[in-house]
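Asker: Provided below for reference: sequence and predicted model.
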Amino acid sequence: MARPEQRGIGIIQRFDAFDTLAFFAFCMSVPLFLPVLELWHGMTAPVSASWSFLPSVPFASAMSLAAMFTALAFLFICLLKTAHARVSRTIMLVALVCYAVGYALLDLWSFGMLDGSLVEAGCGLMMGFGAAVMCLVWVSRLHVLEFRRALMVTWVAGCALFASAALLPLLGATPARIVLSVAAALSVAGCARLFFRSEREDERSAQTGVNWWDVFGHLDVSVVEGTGDFKTPLARALFFAVMPFAMLLLFVADNSLAQAMDWGVAPLALAGVLAMAIMVPLMRMKSDQALINFSYRFFLPLVAFAAFAATTFVDPPLQRAVMVVGSLAFCAVYALVMSAMLVTMAGRMRSLALPAAGIMIIVGCLVCLLSDASMDSGVLGAYQYQVLIVLFVAMAVVLMVTPSSRLWRVMLEGIDAVESSALDAQEGYVRRCAELSEAYHLTAREAEILLLLGRGHTSSFVADELTVAESTVRSHRKNIYRKLDVSSREELFKLLDGEGDRGDEGV
């Protein structure tokens, strides 16, 4: 399928300079990402220890749960409304206000100017809802069609995130708060500007999009290396879900071991910087197919092998620290590669943008919620290091032996095939409207309005689209109904469907 040409220049071709700056500012300042959350935890820990009256609902848990339920709500809407689900203007305005107010409360709380459990929980709830909606908007507006460009976007976002997590603590608490707050304000302004500038285009593409479940519900990937077990939607869902959650289990074991050790610098920030450095060779690959194959089946296992090899060249007291950092870097690389794949799929299919963003939000929230989980107690408490090694080896082996890279390529090809079929259907719809207009002697303006009315658009939308008065559209609609001998939208839809059926019979 010939994909539409992207406009613009730079890392994100549909974004201008301000959009790009605001997007990366959002990535480095939103507390949905664990490194940012740990930064704020370090700046608010003394306050929280003395003034938090509701330990069961701390800021991190309230924020993660609010963001997760927001993402789940949009996923449910996407299942019901398929291609027509989108973020409305009202929801966006409320989300921007909640995020801005939540960040302001977080600043005041961290400075010790506000206290109490209501501030803590309210701040988390508002920021969670606002951050989730903003993340949905950012991902739905990226429109990145190539995997290598999507990986470049996620890599630069990771650089901004982990560099800030490593460098801001060196500046001190007050400068770090100022930098994060300025980045948050910039992200709010940029997200609002991008949303309202592209709202009309987003609504138009949502109305003409196809159902994302046509790919995930009906795509047969049993041809991949004879894997007949992947023929059903449930089997595919299990395959695509088990690996990320197994990786999440590896992170929990890794983070639990890291908590039991003394660090001069945040281990997650150190591992993130390391992951960004070792991903540089991936940025130089030119082919999507080669990059997908290499990143899943070769590069990630090589990262795991390098982590094991590095432990043999350090003193025994440092071996565990090297293994922890290497394992966290492995998880970071996997997260960025998977995020790039979801961004690519969202860019190629409009209806998939919100589900893909929702999945990323939910996984990010689970990481934040499980970051305090500990394996120090219980039967496995004395074997944390051994459990980490076993999981690490298992993840590397699974990536090498499973056809995950080929499955993802089949998914992208399936998206292209569905979009190509949708384009053919769109051309057929335009042809049917033209035949009706000619048969019933509609004027040129009435033919334009018929195209929009047949897609279910309201008179106000048609008036805005054609830059005419709404009363004029209503008048034309009455004439169209009279000429076509219909009395309602439902009868118009049936007439268009019937015209298409007759056209198909005549072929």
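Answerer: That came through fine. Numbers count the residues shown, from 1 in each chain.
Asker: Now residue 493: closest residue in space, sequence neighbours ignored.
Answerer: The shortest distance from residue 493 to any non-neighbouring residue, by Cβ to Cβ, 6 or more residues apart in numbering, is to residue 454 (7.1 Å). C-beta coordinates here come from the backbone N, C-alpha and C atoms, glycine included.
Asker: is it true that that neighbour touches residue 429?
Answerer: Yes - at 7.1 Å, residue 454 counts as touching residue 429 under the criterion of Cβ atoms under 8 Å.
Asker: Compare those two (neighbour count), which wins?
Answerer: Neighbour tally, residue 454 and residue 429, criterion other Cβ atoms under 10 Å: the higher count belongs to residue 454, 20 against 17.
Asker: Quickly note the distance from that one to residue 430.
Answerer: Counting by Cβ to Cβ, to the nearest Å, the gap from residue 454 to residue 430 is 10 Å.
Asker: can you check residue 359 too?
Answerer: Distance of residue 359 to residue 430, computed by Cβ to Cβ: 34 Å.
Asker: for residue 388, same thing?
Answerer: Applying Cβ to Cβ to residue 388 and residue 430 gives a distance of 58 Å.
Asker: Give me the more crowded residue out of these two.
Answerer: The neighbour count for residue 388 versus residue 430, taken as other Cβ under 10 Å, is higher for residue 388 (23 against 12).
Asker: low-confidence ranges in the chain?
Answerer: Where the chain drops to pLDDT under 70, the residues are 1-10, 44-57, 81-85, 115-116, 201-241, 373-382, 402-428, 455-457, 497-507.
Asker: Which parts of it are strands?
Answerer: In the chain, no strands are defined using DSSP state E.
Asker: mind giving me the domain split of it?
Answerer: As assigned by automatic domain parsing, the chain contains the domains 17-402, 416-506.
Asker: hey, which of the ones you listed is tucked in deepest?
Answerer: Greatest average neighbour count among these goes to domain 17-402 (a mean of 19), per mean count of other Cβ atoms under 10 Å.
Asker: now it: how far from the chain's centre is it?
Answerer: On the basis of Cα atoms, centre = their mean, to the nearest Å, domain 17-402 sits 9 Å off its chain's mean C-alpha point.
Asker: can you tell me how far the residue located most distally from the centre of the chain sits from residue 479?
Answerer: The C-alpha centroid of the chain is most remote from residue 441, which lies 47.4 Å away (Cα atoms, centre = their mean). Counting by Cβ to Cβ, the separation of residue 441 from residue 479 is 11 Å.
Asker: One more: residue 287?
Answerer: Taken as Cβ to Cβ, the span from residue 287 to residue 479 is 54 Å.
Asker: Likewise for residue 309?
Answerer: Taking Cβ to Cβ, one finds residue 309 at 77 Å from residue 479.
Asker: likewise residue 369?
Answerer: Plainly put, residue 369 is 58 Å away from residue 479 if you go by Cβ to Cβ.
Asker: Likewise for residue 360?
Answerer: Using Cβ to Cβ, residue 360 is found at 48 Å from residue 479.
Asker: Next: residue 494.
Answerer: From residue 494 across to residue 479, the span is 19 Å (Cβ to Cβ).
Asker: Please apply the same query to residue 496.
Answerer: From residue 496 over to residue 479 the distance is 17 Å, taken as Cβ to Cβ.
Asker: Please report the distance of the closest residue to residue 300 other than its chain neighbours from residue 334.
Answerer: With sequence-adjacent residues excluded and distances taken as Cβ to Cβ, 6+ apart, residue 300 is closest to residue 399, at 5.1 Å. Counting by Cβ to Cβ, the gap from residue 399 to residue 334 is 8 Å.
Asker: Quickly list what's touching both of those two.
Answerer: Listed as contacting both residue 399 and residue 334 by Cβ atoms under 8 Å, 6 or more residues apart in numbering are residue 300.
Asker: where along the stretch 301-450 of the chain do the helices fall?
Answerer: Taking DSSP state H, counting those that start in this stretch as the test, the helices found in the stretch 301-450 of the chain are 316-348, 353-370, 384-401, 404-439, 444-453.
Asker: angle of the first one against helix 353-370?
Answerer: Read that as helix 316-348. Interaxial angle, helix 316-348 versus helix 353-370 (axes from the mean of the first three to the mean of the last three Cα atoms, to 10 degrees): 160 degrees.
Asker: check contacts around residue 94.
Answerer: With contacts defined as Cβ under 8 Å, 6+ apart, residue 94 is in contact with residue 129.
Asker: in terms of contact, does residue 144 touch residue 151 like I think?
Answerer: No - Residue 144 is not in contact with residue 151 according to Cβ under 8 Å; the separation is 9.4 Å.
Asker: mind pulling up the phi and psi values for residue 31?
Answerer: phi -70, psi 0 (degrees, to the nearest 10).
Asker: Kindly provide the distance from it to residue 324.
Answerer: 23 Å.
Asker: repeat for residue 351
Answerer: Counting by Cβ to Cβ - residue 351 and residue 324 are separated by 40 Å.
Asker: can you check residue 127 too?
Answerer: To residue 324, residue 127 is 29 Å away according to Cβ to Cβ.
Asker: what does residue 39 give?
Answerer: For residue 39, the distance to residue 324 (Cβ to Cβ) stands at 19 Å.
Asker: again with residue 160
Answerer: 24 Å.
Asker: Go ahead and confirm residue 87 touches residue 134.
Answerer: No - counting by Cβ under 8 Å, residue 134 is not a contact partner of residue 87; they are 9.4 Å apart.
Asker: residues bridging contact with the two, i.e. touching both?
Answerer: Shared contacts of residue 87 and residue 134 (Cβ under 8 Å, 6+ apart): none.
Asker: Surely residue 369 touches residue 61?
Answerer: Yes - shown here, residue 369 and residue 61 form a contact pair, counting by Cβ under 8 Å, at 6.6 Å.
Asker: From what I see, residue 449 and residue 473 are in contact.
Answerer: Yes - assessed by Cβ under 8 Å, residue 449 is found in contact with residue 473 at 6.3 Å.
Asker: Pull the contacting residues for residue 267.
Answerer: 258, 261, 321, 324, 325, 328.
Asker: what's the closest of those to residue 274?
Answerer: Nearest to residue 274 among the contacts of residue 267: residue 325, at 6.5 Å, using Cβ to Cβ.
Asker: Disregarding residues adjacent in the polypeptide, which is nearest to the closest one?
Answerer: In space, and not counting its chain neighbours, residue 325 is closest to residue 271: 4.8 Å by Cβ to Cβ, 6+ apart.
Asker: about what we covered before: okay, and the common contacts of residue 449 and residue 473?
Answerer: 462, 466.
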